[in-house]
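K.L.:
Here is a sequence with its predicted model. Questions after.
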Amino acid sequence: MTVTNHAQNAPVQAYRSAVQPRKLLFVPLLPLHGHSVLRARFDDAIRRDALPGSIMLHGPLGVGKQRLALWLGQRLLCSGPEPRPCGNCQHCRYALAGTHPDLHWYFPRPRPKSGDMTPAKIEDDFREAIGERTQTGVYAPPAPEEGLYISTIRAIIHSAAMAPAMAARKIYILGEAERMVLQEGSEEAAGAFLKLLEEPPAKATIILTTSEPGALIPTIRSRVVAIRVPAMGAADVDAVLAEPAMQAAIAAAGGPKKLEEQRRVANGAPGALVAGAEWAAALARARRILDAASNRDRQEQMRTALAQGSSKARGAYSTALEALTTLLHERARAAAERGNRRGARGAAMAVDEVERAKERAAKLVNPQLITSQLMRSLERLIA
Ligand SMILES: [Zn+2]
């Protein structure tokens with residue numbers, strides 16, 4: 001369903017000259033550390049021409065899913081020598097600068113003020129937003145009210161129908177895809193997007209990323225190949241923490257100053273350290289759940305469960321459960337260091353309970369109910 005755009009060269013020339021002056025001054029995307037197993041797997045699939053057209057990368061918040069998706073895009077576009085991506089060809093340089101016209105990167109943005117925005121306006125908005133993200137290469141998760149609204153989905157559909165601008169193919173990355181708002185748009189746009197996922201044009205690859213795969217609507221989940229991005233190993237986390245831009249962002253977000261503490265909070269997903277206010281709020285919420293459970297204080301447990309609110313703020317609740325996992329890992333580690341094997345085992349089993357709670361949250365069970373039952377289970381394991 002690719003439509004050839006006969007007038008494509010003039011805009012591309014204009015585009016190139018617009019990005020030319022700043023493209024070689026710096027390499028703004030943070031280097032990708034870790035995920036070597038997945039990278040090798042992707043590389044192998046590309047060589048065999050077996051990479052699925054629609055992929056969903058899911059894994060912990062801050063583990064680098066969007067950065068990995070950008071790497072995959074660069075790998076697909078690179079025309080330089082092996083091993084690819086070479087990092088030096090024109091495609092690689094544009095991709096690393098966040099300015100490749102065939103590497104499209106979308107993520108949650110504020111709701112458009114005046115109803116719908118035209119595809120051209122949306123592209124302008126993202127060019128600016130990507131420019132902000134690539135200033136340091138480190139960015140915090142979007143604010144809770146930001147989403148992938150229907151104007152953005154329309155812009156993607158519009159763009160996917162056109163031939164690539166300068167490469168042999170085009171890549172669409174949709175970060176934090178669980179924030180996609182299809183319901184309130186026209187059914188036509190939603191249908192067109194689902195069709196795009198199901199049968200991407202021959203020269204297009206669509207990559208969704210999410211830390212809450214369960215929050216994606218089933219009609220989307222069933223159309224993508226899910227690939228789990230695991231937590232990073234200690235050496236890779238250290239490599240990320242050694243990036244000056246990363247340390248500056250952690251400081252700006254009011255994160256921990258000591259490396260030891262940073263490693264602990266990162267828990268294999270260093271991006272979580274720059275999550276700022278949202279993550280701090282989630283940690284506070286998780287601590288309250290943990291305290292109420294370990295103190296066996298039934299009244300406080302009830303108050304804590306009620307404070308989880310209704311089903312509306314689902315994203316924030318999932319983040320709180322994520323924070324709970326982080327705290328329990330900390331406990332398990334601390335207990336193991338003290339030689340307290342029973343405590344370490346209890347905390348590890350508590351992590352499994354939280355995983356079950358996450359699954360239930362994904363199935364839209366009421367957060368208050370999940371929390372109250374979760375605290376009862378935790379009480380047995382960690383009190
Ligand atoms: Zn290259």
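P.N.:
The structure has been received and is ready for your questions.
K.L.:
and the residue in the stretch 151-300 of the chain that the ion sits nearest to, what does it touch?
P.N.:
Nearest residue of the stretch 151-300 of the chain to the ion, counting by Cβ to the ion: Ala167, 10.7 Å away. Just so you know, the C-beta spots here come from the backbone N, C-alpha and C atoms, and that holds for glycine as well. Ala167 makes contact with 77, 79, 91, 100, 102 under the criterion Cβ atoms under 8 Å, 6 or more residues apart in numbering.
K.L.:
swap in Ala266?
P.N.:
62, 237, 240-241, 272-273.
K.L.:
Most neighbours of all those residues, which one?
P.N.:
Neighbour tally across the contacts of Ala266 (other Cβ atoms under 10 Å): the maximum, 27 neighbours, falls on Leu273.
K.L.:
picking up where we left off before, I'd like the contacts of Ala167 laid out as TSV, including secondary structure, neighbour count and pLDDT.
P.N.:
TSV is the format used below for the contacts of Ala167 (DSSP: H, G, I helix; E, B strand; the rest coil; neighbours: other Cβ atoms under 10 Å; pLDDT from 0 to 100):
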residue	secondary structure	neighbour count	pLDDT
Leu77	helix	26	97
Ser79	coil	13	96
His91	helix	25	96
His100	coil	26	95
Asp102	coil	24	97
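K.L.:
between those residues, which is nearest the ion?
P.N.:
Among the contacts of Ala167, and counting by Cβ to the ion, the member closest to the ion is His91, at 5.4 Å.
K.L.:
And Leu24, what's its pLDDT?
P.N.:
Looking at Leu24, its pLDDT stands at 40.
K.L.:
Would you map the helices across the stretch 101-250 of the chain?
P.N.:
119-136, 150-160, 187-198, 218-221, 234-241, 244-252 (DSSP state H, counting those that start in this stretch).
K.L.:
Which of these has the highest mean neighbour count?
P.N.:
helix 150-160 (a mean of 21; mean count of other Cβ atoms under 10 Å).
K.L.:
all helices of the stretch 251-383 of the chain, in order?
P.N.:
Under DSSP H, counting those that start in this stretch, the stretch 251-383 of the chain gives helices at 259-266, 276-294, 298-306, 314-337, 341-362, 367-382.
K.L.:
And the longest one, how far out from the chain middle?
P.N.:
The one in question is helix 314-337. 18 Å (Cα atoms, centre = their mean, to the nearest Å).
K.L.:
Next, the buried residues of it.
P.N.:
314-329, 331-332, 335 (16 or more other Cβ atoms under 10 Å).
K.L.:
That helix to helix 341-362, inter-axis angle?
P.N.:
Between the axis of helix 314-337 and that of helix 341-362 there is an angle of 170 degrees, by axes from the mean of the first three to the mean of the last three Cα atoms, to 10 degrees.
K.L.:
what's helix 314-337 packed up against?
P.N.:
helix 259-266, helix 276-294, helix 341-362, helix 367-382 (3 or more Cβ pairs under 8 Å, 6 or more residues apart in numbering; DSSP states H and E).
K.L.:
Output the contacting helices and strands for the last one.
P.N.:
Meaning helix 367-382. Using 3+ Cβ pairs under 8 Å, 6+ apart, helix 367-382 is in contact with helix 276-294, helix 298-306, helix 314-337, helix 341-362.
K.L.:
Write out the residues of the stretch 51-200 of the chain neighbouring the ion.
P.N.:
78, 80, 85-86, 89, 92 (Cβ under 5 Å from the ion).
K.L.:
so which two of those residues are the farthest from each other?
P.N.:
Distances among those were taken as Cβ to Cβ; the most separated pair is Pro85 and Cys89, at 8.1 Å.
K.L.:
Look at the two and report which has more neighbours.
P.N.:
Taking other Cβ under 10 Å, Pro85 and Cys89 do not tie; Pro85 has more neighbours (23 against 17).
K.L.:
List the contacts of the spatially closest residue to the more buried one that is not a sequence neighbour.
P.N.:
Distances taken as Cβ to Cβ, 6 or more residues apart in numbering place Cys78 nearest to Pro85, at 4.0 Å, with adjacent residues excluded. Cys78 sits next to 84-86, 89, 91-92, 95 when contact means Cβ under 8 Å, 6+ apart.
K.L.:
Same list (the residues you listed) but as JSON lines, adding secondary structure.
P.N.:
As requested, the contacts of Cys78 are exported to JSON lines (DSSP: H, G, I helix; E, B strand; the rest coil):
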{"residue": "Arg84", "secondary structure": "coil"}
{"residue": "Pro85", "secondary structure": "coil"}
{"residue": "Cys86", "secondary structure": "coil"}
{"residue": "Cys89", "secondary structure": "coil"}
{"residue": "His91", "secondary structure": "helix"}
{"residue": "Cys92", "secondary structure": "helix"}
{"residue": "Ala95", "secondary structure": "helix"}
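K.L.:
What about Glu359, how many residues nearby?
P.N.:
Using other Cβ under 10 Å, Glu359 is surrounded by 12 other residues.
K.L.:
hang on, isn't it packed against Pro213?
P.N.:
No - using Cβ atoms under 8 Å, Glu359 is not in contact with Pro213; the gap is 10.4 Å.
K.L.:
Make a markdown table out of the helices and strands packed on helix 314-337 and add mean pLDDT and distance to the ion.
P.N.:
Listed next are those as a markdown table, based on pLDDT from 0 to 100; distance: least, Cβ to the ion, whole Å:
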| stretch | mean pLDDT | distance to the ion |
| --- | --- | --- |
| helix 259-266 | 89 | 30 |
| helix 276-294 | 82 | 34 |
| helix 341-362 | 91 | 38 |
| helix 367-382 | 92 | 46 |
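K.L.:
how about the nearest residue to Leu103, chain neighbours excluded?
P.N.:
Gly73 (4.5 Å).
K.L.:
Provide a list of residues in contact with the one you found.
P.N.:
Contacts of Gly73 (Cβ under 8 Å, 6+ apart): 95, 100, 103, 171, 173, 205, 207.
K.L.:
distance of it from the ion?
P.N.:
12 Å (Cβ to the ion, to the nearest Å).
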